[in-house]
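Q: Attaching a predicted model along with its sequence, questions to come.
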Amino acid sequence: MSANTTTVKVKKTDLSGTSTAYKAVAVVILILLVIVLAARGCGKISHRTPEGVVEGYIKAAAAGKNKKMQGCYSADKLSDEAKTEISSTIKYFQAHGVKDVNIDSCGSISENYSYVYIRYNLVLENEQEYPCISTYLVKVQDKKYYLYAPSEISDKISQQAAKDYQKFMTTKTYTDYTKAYEVFLKKNPGYEDKIAGKLNG
């Protein structure tokens, strides 16, 4: 029999009499489909909490998503300072050759206002993880949280944030970060010079 004359017989099945096993498989497939769709929706920035918008900003930066990063600010038209900050962050992540980002922890530094730290690791092309820590000032507007644009940060807020950051540097979160960072540099001598060369080149 030649390949062009192959006959395929199709057996018709009455689904009304489907066994319990088939129904169980169908339920499992449906659950997996829901999980996949939910995972695809994780790219959306959450404005429900200060931590949510900060985590969203870092994830968008790692993925090079400029528009999503812009969405973390409340202004319809971003200032040049904010645009520069976004492009600089993306460029910095790209210099590392980031494949992904693993968020370790994210929380508030101060109880008096929304000053949020985020500790995360940049997953590099060689699967090593580069430890990072960043801080952001967050405001609430229309019951949603947004990052402060650089131009919105007053001298008073900036001075208070500097004091709070000094206290934060004594916490376990920060000391754990510095230890991890030192370990990385010992394993990768000259790494910072390499990144600086890429950024200045």
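A: In hand now; what should we look at?

Q: which residues sit in contact with L122?
A: A62, F93, H96, V98, V101, E129, Y130, C132 (C-beta atoms under 8 Å, 6 or more residues apart in numbering). For glycine as for every other residue, the C-beta is placed from the backbone atoms N, C-alpha and C.

Q: Next one: it from F168, what distance?
A: Remark: distance between L122 and F168 (C-beta to C-beta, to the nearest Å) = 21 Å.

Q: Counting neighbours, what do you get for Y165?
A: With neighbours defined by other C-beta atoms under 10 Å, the count for Y165 comes to 15.

Q: Just the pLDDT for it.
A: Confidence at Y165, expressed as pLDDT, is 97.

Q: who are the neighbours in contact with it?
A: I109, T135 are the contacts of Y165 under C-beta under 8 Å, 6+ apart.

Q: Next, give phi and psi for it.
A: phi -70, psi -40 (degrees, to the nearest 10).

Q: As a check, name the ranges of all helices in the chain.
A: 20-40, 50-62, 66-70, 80-95, 155-168, 172-187, 191-200 (DSSP state H).

Q: So which of those helices is nearest Y115?
A: Closest approach to Y115 among these is made by helix 155-168 (5.6 Å; C-beta to C-beta).

Q: And that closest one, what's buried?
A: Neighbour-count burial for helix 155-168 flags Q160, A161, D164, F168 (criterion: 16 or more other C-beta atoms under 10 Å).

Q: Same check on stretch 52-64?
A: G52, V53, V54, E55, G56, Y57, I58, K59, A60, A61, A62, A63.

Q: Let me see the mean pLDDT of that stretch.
A: Mean predicted confidence for stretch 52-64 is 96.

Q: How about stretch 99-117?
A: Model confidence over stretch 99-117 averages 93 on the pLDDT scale.

Q: just stretch 132-145 next, same as before
A: 94.

Q: Extract the C-alpha set from it and format it as PDB.
A: Output of stretch 132-145 as PDB, limited to C-alpha atoms (Å, rounded to 0.1, in the frame of the first residue of the first chain):
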ATOM      1  CA  CYS A 132      20.200  43.100  44.400                       C
ATOM      2  CA  ILE A 133      18.300  45.300  46.700                       C
ATOM      3  CA  SER A 134      16.400  48.400  45.800                       C
ATOM      4  CA  THR A 135      14.100  50.900  47.500                       C
ATOM      5  CA  TYR A 136      11.100  52.900  46.200                       C
ATOM      6  CA  LEU A 137       8.800  55.600  47.600                       C
ATOM      7  CA  VAL A 138       5.200  54.700  47.000                       C
ATOM      8  CA  LYS A 139       2.100  56.900  47.100                       C
ATOM      9  CA  VAL A 140      -1.600  56.200  47.200                       C
ATOM     10  CA  GLN A 141      -3.900  57.800  44.600                       C
ATOM     11  CA  ASP A 142      -7.600  56.900  44.100                       C
ATOM     12  CA  LYS A 143      -7.100  53.900  46.400                       C
ATOM     13  CA  LYS A 144      -4.300  52.500  44.200                       C
ATOM     14  CA  TYR A 145      -0.600  52.500  44.800                       C
END
